[in-house]
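Participant: Provided below for reference: sequence and predicted model.
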Amino acid sequence: MRIPRPLVSAMLLLALTACGTDAESAAQSNEIKVGLLHSLSGTMAISEVTVRDAELLAIDEINKAGGVLGKKLVPVVEDGASDWPTFAEKATKLIRQDKVAAVFGGWTSASRKAMLPVFERHKALLWYPVQYEGLESSPYIFYTGATTNQQIIPGLDYLREQGKKRLFLVGSDYVFPRTANKIIKAYAAANGMEILGEEYTPLGHTEYSTLVNKVTQARPDAVFNTLNGDSNVAFFKQLKSAGATAESMPVLSVSIAEEEVTGIGVDNIAGHPVAWNYYQTTETPANEAFVQAYKAKYGQDKVTSDPMEAGYNAVYLWAEAVRKAGTTEVEAVRKAAPGIALERPEGLVTIDGENQHLYKTARIGVIQPDGLIKQVWDSGEPIKPDPYLKGYPWAAGLAGAK
């Protein structure tokens, strides 16, 4: 039986396509895709672009060392655009279309809250690199930034020890600042501190004259700042214009690191304290290598910061869990992760199996005239993560287990 020429051509094309698909699949079998999802545009880009850069550095280093399970890591980068629904949309795309083995991403708690149901629904892994307000855990999120008892509470302890007992709270109007301030108010009530005022502004807000007037008229001992993104630029400039100084009214921030200092302008913020787990000046052997590698890749004028380091760490921790599991399969990686301990730029970090947060050392620093941050206090050893504040009787009304 003679097969018509058009049918022969169609069959040949189908065979070639199948071979091409098979060849592509074979090539891809030597690769592992991972997703990087951060705000590369919008109000949060001032903070998130460099976290993406640090994650890319970790991927490069791991690939140069032979990859993971003998396979090359291939980043798929997406822009959350400082828009929480976009984070959920892009997370879905990375999981379903790109079929990444894990996603590293987010900054604001609003972005994380938007992504959480996506990762739980698809049983996929998110590695979230930024400090946050706690009171959360998910089997499909690993939290590599600080939780409340590793940053906010040490910050409050430091202010109290400095005799700063009358506080004014300033924050962006979304879940992290509002939840953090509920915790701060509960701490204050239990520790003889007074909250003189509590004000919120939308993300991206730039007109702070009215708020600055309220703060200066209240005459607090200190301001606890949970503003995020480029709103901090306007706030600190207008605070300085009003005559407030780091000596007369210190502003302790928990979302301003070295990268944000550059954007704000060091003249506007030098002398003010911050609370984190890592600074560019942190003295560890691993940090010296990290800072050198980051500057070599992105420029000698670049700085490193806590969220960048936490994103960098996240890639290494996931890679170690994959090696231990012998596979990128999500449930196997989750099972392998508890107890993994690595010496990182901030020091020793360990994955807590109970809540998938990290043991981390708390550090208080003061912003210097050169834009770097000098550590003035640390916890001495890594603090066990307590996202639900179970170890603090004054938080009993806040810390319900999930």
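Facilitator: Perfect, I can see it now. Small disclaimer: the values here were computed from a predicted structure and weren't measured.
Participant: mind listing what Ala234 touches?
Facilitator: Contacts for Ala234 (CB atoms under 8 Å, 6 or more residues apart in numbering) come out as His205, Thr206, Glu207, Tyr208. C-beta coordinates here come from the backbone N, C-alpha and C atoms, glycine included.
Participant: among the residues you listed, who's most crowded?
Facilitator: Tyr208 (25 neighbours; other CB atoms under 10 Å).
Participant: what's around the spatially closest residue to that residue that is not a sequence neighbour, how many residues?
Facilitator: Computed as CB to CB, 6 or more residues apart in numbering, the closest residue to Tyr208 that is not its neighbour in sequence is Gln238, at 4.4 Å. By other CB under 10 Å, 19 other residues sit near Gln238.
Participant: now swap in Asp98 and tell me
Facilitator: Neighbour count of Asp98, defined by other CB under 10 Å: 16.
Participant: past the helix or strand Glu331 falls within, which element shows up next along the chain?
Facilitator: For Glu331, the element it lies in under DSSP states H and E is helix 330-336. Counting by DSSP H and E, the next helix or strand C-terminal to helix 330-336 is strand 341-344.
Participant: can you show me the helices along this structure?
Facilitator: Assigned by DSSP state H, the chain shows helices spanning 5-28, 45-64, 84-96, 109-122, 152-161, 175-190, 209-218, 231-241, 258-264, 266-269, 285-298, 306-325, 330-336.
Participant: winner for burial among these?
Facilitator: Among those, helix 306-325 has the highest mean neighbour count (mean count of other CB atoms under 10 Å), at a mean of 25.
Participant: where are the low-confidence patches of the stretch 101-250 of the chain?
Facilitator: For the stretch 101-250 of the chain, not a single residue meets the criterion pLDDT under 70.
Participant: what sits against the residue nearest the centre of the chain?
Facilitator: In the chain, the residue lying closest to the centroid (CA atoms, centre = their mean) is Val130, at 1.8 Å. Contacts for Val130 (CB under 8 Å, 6+ apart) come out as Val51, Gly106, Trp107, Thr108, Gly145, Pro307, Ala310.
Participant: what's the nearest residue to it if we skip its chain neighbours?
Facilitator: Gly145 (4.4 Å).
Participant: try Glu133
Facilitator: Nearest residue to Glu133, sequence neighbours excluded (CB to CB, 6+ apart): Thr179, at 4.0 Å.
Participant: same check on Gly365?
Facilitator: Going by CB to CB, 6+ apart, Gly365 has Ile373 as its nearest residue, at 3.9 Å.
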